[in-house]
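Asker: Sequence and predicted structure, then a few things I'm wondering about:
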There are 8 protein chains.
Amino acid sequence: MDQQQLRTLLEQVREGGVEVDAALERLRHMPFEDLGFAKVDHHRAIRHGMPEVIFGKGKTAEQVEQIARRVLDNASNLLITRTSEEVAGRIRSIVSEAEYFPLSGAVRVWRERTLTGKGVIAVVCAGTSDIPVAEEAQITAEVMGNDVDVIHDIGVAGIHRLISNRERLCKARVIVVCAGMEGALPSAVGGLVSAPVIAVPTSVGYGASFHGLAALLGMLNSCASNVSVVNIDNGFGAGYVASLINRL
Amino acid sequence: MDQQQLRTLLEQVREGGVEVDAALERLRHMPFEDLGFAKVDHHRAIRHGMPEVIFGKGKTAEQVEQIARRVLDNASNLLITRTSEEVAGRIRSIVSEAEYFPLSGAVRVWRERTLTGKGVIAVVCAGTSDIPVAEEAQITAEVMGNDVDVIHDIGVAGIHRLISNRERLCKARVIVVCAGMEGALPSAVGGLVSAPVIAVPTSVGYGASFHGLAALLGMLNSCASNVSVVNIDNGFGAGYVASLINRL
Amino acid sequence: MDQQQLRTLLEQVREGGVEVDAALERLRHMPFEDLGFAKVDHHRAIRHGMPEVIFGKGKTAEQVEQIARRVLDNASNLLITRTSEEVAGRIRSIVSEAEYFPLSGAVRVWRERTLTGKGVIAVVCAGTSDIPVAEEAQITAEVMGNDVDVIHDIGVAGIHRLISNRERLCKARVIVVCAGMEGALPSAVGGLVSAPVIAVPTSVGYGASFHGLAALLGMLNSCASNVSVVNIDNGFGAGYVASLINRL
Amino acid sequence: MDQQQLRTLLEQVREGGVEVDAALERLRHMPFEDLGFAKVDHHRAIRHGMPEVIFGKGKTAEQVEQIARRVLDNASNLLITRTSEEVAGRIRSIVSEAEYFPLSGAVRVWRERTLTGKGVIAVVCAGTSDIPVAEEAQITAEVMGNDVDVIHDIGVAGIHRLISNRERLCKARVIVVCAGMEGALPSAVGGLVSAPVIAVPTSVGYGASFHGLAALLGMLNSCASNVSVVNIDNGFGAGYVASLINRL
Amino acid sequence: MDQQQLRTLLEQVREGGVEVDAALERLRHMPFEDLGFAKVDHHRAIRHGMPEVIFGKGKTAEQVEQIARRVLDNASNLLITRTSEEVAGRIRSIVSEAEYFPLSGAVRVWRERTLTGKGVIAVVCAGTSDIPVAEEAQITAEVMGNDVDVIHDIGVAGIHRLISNRERLCKARVIVVCAGMEGALPSAVGGLVSAPVIAVPTSVGYGASFHGLAALLGMLNSCASNVSVVNIDNGFGAGYVASLINRL
Amino acid sequence: MDQQQLRTLLEQVREGGVEVDAALERLRHMPFEDLGFAKVDHHRAIRHGMPEVIFGKGKTAEQVEQIARRVLDNASNLLITRTSEEVAGRIRSIVSEAEYFPLSGAVRVWRERTLTGKGVIAVVCAGTSDIPVAEEAQITAEVMGNDVDVIHDIGVAGIHRLISNRERLCKARVIVVCAGMEGALPSAVGGLVSAPVIAVPTSVGYGASFHGLAALLGMLNSCASNVSVVNIDNGFGAGYVASLINRL
Amino acid sequence: MDQQQLRTLLEQVREGGVEVDAALERLRHMPFEDLGFAKVDHHRAIRHGMPEVIFGKGKTAEQVEQIARRVLDNASNLLITRTSEEVAGRIRSIVSEAEYFPLSGAVRVWRERTLTGKGVIAVVCAGTSDIPVAEEAQITAEVMGNDVDVIHDIGVAGIHRLISNRERLCKARVIVVCAGMEGALPSAVGGLVSAPVIAVPTSVGYGASFHGLAALLGMLNSCASNVSVVNIDNGFGAGYVASLINRL
Amino acid sequence: MDQQQLRTLLEQVREGGVEVDAALERLRHMPFEDLGFAKVDHHRAIRHGMPEVIFGKGKTAEQVEQIARRVLDNASNLLITRTSEEVAGRIRSIVSEAEYFPLSGAVRVWRERTLTGKGVIAVVCAGTSDIPVAEEAQITAEVMGNDVDVIHDIGVAGIHRLISNRERLCKARVIVVCAGMEGALPSAVGGLVSAPVIAVPTSVGYGASFHGLAALLGMLNSCASNVSVVNIDNGFGAGYVASLINRL
């Protein structure tokens, strides 16, 4: 029941066409989602400049293709994360300019490229093995309408590399930092800048990295106050949060 | 070596009072922190509207008082977290308007109350036991110059309480959500709004809550894409990150 | 806004006293919880024979007393879990027949004793140290309107004790089983009966019991198919779930 | 020794054919399982309307087929969980109407379809990736004689989807809720209904979901009092417990 | 129903005083524990030379005293573990020769001192901080009728201390080894002897010892094949198992 | 330096062929392992009736074959655990009567079949999936010279199966109990018998079994005092410890 | 900005070609890494005699080859860890004397063989399965310019093997000890020698070894004071730290 | 049996006073520790310039005093870690110059102050709360004969503080780095210097620091190759290892 339907009902009550009790009954059993405007409101908020995203993992190529077709009916842009080259081929047969990113397994349709983010989002990673996660954050932030500055391989063990990128980092409005192993980079970056830092622990490492747990705990315990954290390897989430912040 | 000293050195070089090689040597061995302006630059960035914060835990009342006196020489505002009523008394003897918050153990000097945050920060908590953590987030955000809207006790087990606060939540520019036990509230709030959500797991609970671990893992795995997470019970960190975002 | 208020609004619309647009606006911004009947509906469902329960831990005696007074205005029965003897005294000064259970720290006002549960709930515990948790389950189930049969100290290391209680167990419609250490009793009980078994791991034990983790994992991995599990030491939850089932 | 043999023995005692001492000796050394009627009694209880279930994992196709043949000699219905398409083929060659469910890997022979459950069991899942676990719960509950209402994809991040299914949920006598990632759905559902909720954490997720641990802990710490939990991915167990409850 | 009652019943059947059906019914509903001889049988096995043991932790002095009085009516020996000096005083007022062991918190009544163990049980500990656990093992083994040889402070970091005790170790029929920190001693002892080694991890240590977890895991992974393990700090269990073995 | 060499040295000293200082020097630098008799002594102890065992995992077929050939030069019996059918073939080409056990991956040469164990070792497992581990324990105990009684599938969820095997269990001198999932069987068996019980947690299970951790913790926390534990899936270790005990 | 550029700037200031303010500005914004000499300084320190090392895991053969080519332009020696035989082939086509170590997956170019370490580094491992990790430590230490003494298979369960190598161990200036399972060897070695011991837990084991966690915890809790620890399976790190120490 | 006794035995053999067989027997049963010179050798190695250290935790003041008196009979220096002010008083009554360090709870007698370490040991900590652990490392290294340079409060969140201490760090021969929370400092220091770094995780932090686990994992996963790690809060161990290295 959308706003119009509700108005109609009230007018019918006013005009005597519907009894108060009947109206009461209809309102009483009106499922929340049928308020209509509420849902539209909600969805509009969510979709404001944010293209649809399909989490590809655990879906068949067929399923992903079908959802993608439905989305592309109404939307210029689309992001599919953690999917396969096969899916990329299927999407390319729908939209020829679809890109495939083999490192992160993402497919992106990026036709509408208006910048909606107000500043630069820096996406930083500690080592070359963290690049797939950083790439997911980068392409998410780009397709969400942001200018993204990518800086690879500035881990804390070579702190001069970090220092030498200080200016680029300071120019960013939001920073995504991806790091595996000990996950120390967000603290170091956080100490250099005053922008909010979204930390992404990666599962890069072995032994006592416990598939990213070491990096995750490190980031949660960051001594820099401007750091918040997303799930291990969740480049998408970091890019998404950064995009929301950059639109403020 | 601050900016003035560097200028003096360069002028001495210009006037021939210092040889190029000698100047080179002094610059070469100049410790980074002695660049002065760099540090000032850095600190200015950090302190932009952000009052000093003293982490009180593990410091004696004497130590906290001394640091506080030094800070209050130059600053209008001061926040001390996780401290005792005794410290509150000492601070009150310096600045009579100092407030003490027994739930979260915070002391606040809040003389300069200009709003620097651009919108409202909502601070939400799931249950009454989460209030101490929410309070820490609230008073941090306030002293950092924000208009804070506090909403208590809207946990997911009574989802109508959450729904009924939907409008207030939607008006916020950033939202801090504190929850213990299963830590589900950030996901539910995140699904209702399009603002960034800073989730704070609390150690509220018993048994398999494992002192906040359950809530922490829940929040890291949130199915809402606009959620990032800080350490267990870290109300201060959440309020700080939210303040940084709200100033953008 | 309860059902009556909504009816009044609709009647005002009908009679022309309120404009359609104004009514629309009031309905539109009507917070969900103000639908009234929904909440009543919801609460009625929840409260069907179920007295209010106050989780005492982390609340001051003053706070608990105030909540209790409000509850007792409208209700015959009240359960307060994990509270202190001091609270018991305060409640007794309101309702003289209030009972205090020092093992589990519960206070109970049990004036309305109609049985709403259709059968017997058996509450079983493995060792004497598990009695406080079993007691919490027992008094919860009782105050929720159930006939409770309590069987203590029938752990699996003395399996004849279990076998000898087989008939009593088989007569129960629902069974709550509390056990610490290795938490094996729910499997053994589950294998003897065809009733649903609610397993409560307790924190009884030391060393590798890890405060109830061993019992919890054991119960989750039960080879008996009729076992479901609640949190460590959550006697209340088990008694509550059992009561819900026994009313079906 | 079954009931008949025991009767015979007693008759022999009565008729003097067996000495009291000899009878005493035979009874004394009579292994418990040889009481016969006890076991039958026990098994009858267990099997009341509950078809045999074979846990397929870790058994060869040959083994499963043999057990299935033995079961199907006496039973109309059969459920095999976590097995392969090969097994499905073998069972179909015995009973042509055997169904195979590739998502959950179950094989079901469902010839006797009398409803023994008194109400509806709702089987709910949070996301599409949780469907295999929900399917296992659904087909278990169905073959156990229940009317099952399945509701997919109503996770807490889109809370309007949950609210809009409130009526269907409220009609259920027992509810099974499957969710991975943060596992918040059982709390949200539990808050909406007054029926018992069986929560099934799923291993859906990545990183800090730790193969379902996050969801498991979340559910154990649920702030809704009507929730109990089974093992990660244990759709069968949830469907079984729900069936037991629904027959009460 | 004990052996005598069963005989009476059978005699009544024989004499026609009880019908076969009535006898059948009584036998059928006869709870297992009422077989009497079975329980006696079972208990006799358990108690063979093994005095009663009361686990003192979590019991009041009053409760322990009462149980102790009942035990001492029939028994010469008694062991109470993890109890207090107050309990020791109460027991001493019953049996003046009761000993109190403050390190391990044990009380022992050891009047019947016949050796039932066939050889020597060596009780070994790695460091002086492990002595309380070793003491519990020692006094358990002694009161169970064993000749115990105690060797303290022969941790692996001073391997010559271990080697120099090789002969004493080789003379033991069973060896209990208590060690905290890295828990390496059982492997080293196990490599020197051919007797079974019962390893007891202790909670001695700090930091990454995680209250005995490090020692526990170390012992479970022992490269010596003659090592089995009991719970952290479970000196009693080790002494008990060793006693059972030594009686073989 | 073996006993003969030492005698020769001493004789040379006696006869003046070697100076005291030279002899002293040789003895002083004599590495411990060169004492010879010590090592022989040690090894003799270890090997007393115990055939060599090769841990096959992580060794190539070639490596295992070579070690096996060396062992079989001097020994009648040989056990290879966790190896492949290929290795079995190679061993069979050396000793035609070598057996291969595909469930546990063991190869056994069992030519010398004298019983050295004094009683029966019972090897018990909870479910059919635990059989591979039980098999490893069984064939280890057999090849170590024991009469082994194997009882499968008597898990605690069907406690009558356990009870009905009570007599066989009570006849055993040592009992090995293998169980996965909740690992409750050792407690139940331990309560029925007075023999030492060696518990083997198995990795059987899924979800919160965490690859045997649940069973391991359960067994370490056993409420039966006669239980000690070996590593997850360590059937060999349990069989070995049981054999050592049975020879006492 | 390297040293030369800085000199030029200062000379321009001196000669009046650049204003003091302009020079100040250039210095002020001069990124740290452009100081040049600082970075060179830093790198020189790091590279002192230490050849480049490429961590092969997660890099394609192509990527490794390209990095290797760049390194080999300037360097005699190169170590690639955790790589494949394919990479070995590619490197051999550049430098024919490149060695491949299939156990540890390392490729080594070792042309410059000057010893820069002052003493012997002993590399010890507990069992044959630990050899791959020990090998990585060994070839790292060798290519870093050390004389390495390798001792395999001296685990604590056969302590005479350890004792008999005491002299070789005591001759070493630094000792690397690799051990899986219970990880006890570093403590035992540490007790025998006065040299620093670098302990490497290996992932060798099964069940409760939890992929090296047991060994890691054991080593961190070593009762020998001369032990420090590196990550699980990190033979390279241990060899590297040992090399740094041996050059002191 | 010391060297003299062995010589006497050999001389008796030579002179015919002792038969070869008798000598053989005495040598054969000679316990290893009775070789005497071996043990002395060993201890001399351990004690080379290293004063005795008493681990005070878990010992009574009386016990510590007694051990200390025995040590001080022969030694100039003594270190007692983790003890109380009461112990400090007792030691001061023996040696008036004994120092007490209340932060770390250490007592030190430091009369012999010869430097045996060849260079400077830097002891660094990340925050002021880490000072107690750093202090333990410092006073250990000092009493072991080292020149120690202490640098407090240079955590990675203020990386300029670290950079500005680069020269002091580069002058150190060995560096001890203490850090809690995310434990990132050792990586950052390790990247700046070429000296070996001993990392000490501290239990400083809260929530997801899990009492030092986060810092420990971070350090074990350090991306700097010159880092090895000791137990949480083990300042003594780090100071000891650093001292051993500095004497090389």
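Answerer: Received it, and whenever you're ready, just let me know what you need.

Asker: In chain A, what helix or strand scores lowest on average pLDDT?
Answerer: helix A:37-47 (a mean of 33; mean pLDDT, DSSP states H and E).

Asker: on contacts alone, who are the packing partners of the one helix or strand A:F236 maps to?
Answerer: Secondary structure from DSSP states H and E places A:F236 in helix A:235-246. In terms of contacts (3 or more C-beta pairs under 8 Å, 6 or more residues apart in numbering or on different chains; DSSP states H and E), helix A:235-246 is packed against strand A:52-55, strand A:120-125, helix A:131-143, strand A:174-179, strand A:197-201, strand B:227-229. Where you see a C-beta, it was placed from the backbone N, CA and C, and this is true even at glycine.

Asker: Of all the residues in chain A, which one is nearest chain E?
Answerer: Per C-beta to the nearest C-beta, A:A208 is where chain A lies closest to chain E, at 10.7 Å.

Asker: What residues does that residue make contact with?
Answerer: A:A214, G:G212, G:L213, G:L216, G:N231, G:I232, H:L217, H:L220, H:N221 (C-beta atoms under 8 Å, 6 or more residues apart in numbering or on different chains).

Asker: do you know how far it is from H:G218?
Answerer: Distance of A:A208 to H:G218, computed by C-beta to C-beta, to the nearest Å: 9 Å.

Asker: Overlap of the contact sets of those two?
Answerer: Common neighbours of A:A208 and H:G218 (C-beta under 8 Å, 6+ apart) are A:A214.

Asker: Now A:D147. Nearest residue, chain neighbours left out?
Answerer: The shortest distance from A:D147 to any non-neighbouring residue, by C-beta to C-beta, 6 or more residues apart in numbering or on different chains, is to A:V120 (5.0 Å).

Asker: likewise A:V230?
Answerer: A:G237 (4.2 Å).

Asker: Is A:E97 in contact with A:E112, as I believe?
Answerer: No: assessed by C-beta atoms under 8 Å, A:E97 is found out of contact with A:E112, at 11.7 Å.

Asker: And those two? Which one has more around it.
Answerer: For A:E97 versus A:E112, neighbours defined as other C-beta atoms under 10 Å in any protein chain shown are more numerous around A:E112 (13 against 10).

Asker: sec struct for that one, please.
Answerer: The three-state label given to A:E112 by DSSP: H, G, I helix; E, B strand; the rest coil is coil.

Asker: who's in contact with it?
Answerer: A:P51, A:S76, A:N77.

Asker: Same check on A:A195?
Answerer: A:C170, A:A172, A:R173, A:V174, A:I175, A:N226, B:L244.

Asker: With neighbour count as extra columns, can I get those residues in a markdown table?
Answerer: A markdown table is the format used below for the contacts of A:A195 (neighbours: other C-beta atoms under 10 Å in any protein chain shown):
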| residue | neighbour count |
| --- | --- |
| A:C170 | 16 |
| A:A172 | 25 |
| A:R173 | 20 |
| A:V174 | 31 |
| A:I175 | 29 |
| A:N226 | 26 |
| B:L244 | 25 |
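
Asker: Quick one, grab the pLDDT at the residue in chain A positioned nearest to chain F.
Answerer: Of all residues in chain A, A:F210 sits closest to chain F, at 13.5 Å by C-beta to the nearest C-beta. We have a pLDDT of 92 for A:F210.

Asker: In a strand, A:D149, correct?
Answerer: Yes: A:D149 forms part of a strand when assessed by three-state DSSP.

Asker: ok, back up a step: pick the one among the contacts of A:A195 closest to chain G.
Answerer: Nearest to chain G among the contacts of A:A195 is A:C170, at 11.0 Å by C-beta to the nearest C-beta.

Asker: returning to what we had before: I'd say the residue nearest to A:V230 and A:N231 touch.
Answerer: Yes: shown here, A:G237 and A:N231 form a contact pair, counting by C-beta under 8 Å, at 6.4 Å.

Asker: tell me the mean pLDDT over the helix or strand containing A:L10?
Answerer: A:L10 is part of helix A:3-14 when elements are defined by DSSP H and E. Throughout helix A:3-14, pLDDT has a mean value of 72.

Asker: same check, this time on stretch A:79-98
Answerer: In this model, stretch A:79-98 has an average pLDDT of 95.

Asker: residues making contact with that stretch?
Answerer: Here stretch A:79-98 makes contact (C-beta under 8 Å, 6+ apart) with A:51-57, A:59, A:61, A:64-65, A:68-69, A:72, A:78, A:100, A:102, A:104-111, A:136, A:139-140, A:143, A:236.

Asker: and the end-to-end length of it?
Answerer: 10 Å (C-alpha to C-alpha, to the nearest Å).

Asker: Then stretch A:81-88?
Answerer: End-to-end distance (C-alpha to C-alpha), stretch A:81-88: 11 Å.

Asker: With stretch A:206-213 instead?
Answerer: By C-alpha to C-alpha, the extent of stretch A:206-213 from end to end equals 11 Å.

Asker: just how off-centre is that stretch within its chain?
Answerer: 25 Å (C-alpha atoms, centre = their mean, to the nearest Å).

Asker: cool, and stretch A:60-79?
Answerer: 17 Å.

Asker: Show me which residues of it are buried.
Answerer: Within stretch A:60-79, the residues scored as buried using 16 or more other C-beta atoms under 10 Å in any protein chain shown are A:A61, A:V64, A:E65, A:I67, A:A68, A:V71, A:L72, A:N77, A:L78, A:L79.

Asker: need the contact list for the third one.
Answerer: For A:E65, the contact set (C-beta under 8 Å, 6+ apart) comprises A:V87, A:R90, A:I91, A:I94.

Asker: Walk me through the regions of chain A where pLDDT falls short of the threshold, as ranges.
Answerer: A:1-6, A:24-49 (pLDDT under 70).

Asker: Write out the residues of it neighbouring chain H.
Answerer: For chain A, the residues in contact with chain H (C-beta under 8 Å from any C-beta of the partner chain) are A:126-127, A:155-159, A:162-163, A:180-184, A:187-188, A:190-192, A:205, A:207-210, A:213-215, A:217-225.

Asker: which ones are touching the residue of chain A most remote from its centre?
Answerer: In chain A, the residue that sits farthest from the middle, by C-alpha atoms, centre = their mean, is A:G16; the gap is 50.2 Å. A:G16 is in contact with C:R14, counting by C-beta under 8 Å, 6+ apart.

Asker: Okay, and A:Q63 sits in which element?
Answerer: Counting by DSSP H and E, A:Q63 is part of helix A:61-74.

Asker: Moving C-terminal from that helix, which element do we reach first?
Answerer: From helix A:61-74, the next helix or strand downstream (DSSP H and E) is strand A:77-81.

Asker: quick one: the following helix or strand past that next one to helix A:61-74, angle?
Answerer: Using DSSP H and E, the next helix or strand after strand A:77-81 towards the C-terminus is helix A:85-94. Angle of helix A:85-94 versus helix A:61-74, following axes from the mean of the first three to the mean of the last three C-alpha atoms, to 10 degrees, is 30 degrees.

Asker: how about helix A:85-94: buried residues?
Answerer: By neighbour count on 16+ other C-beta under 10 Å, the buried set for helix A:85-94 is A:V87, A:A88, A:R90, A:I91.

Asker: out of those residues, what pair is the most spread apart?
Answerer: Spanning the widest gap among the buried residues of helix A:85-94 are A:A88 and A:R90, at 7.4 Å by C-beta to C-beta.

Asker: Report the spatially nearest residue to A:A184, omitting neighbours in sequence.
Answerer: H:A184 (3.2 Å).

Asker: Quick check: that neighbour touching A:V156?
Answerer: Yes: if you go by C-beta under 8 Å, H:A184 and A:V156 touch, sitting 6.3 Å apart.
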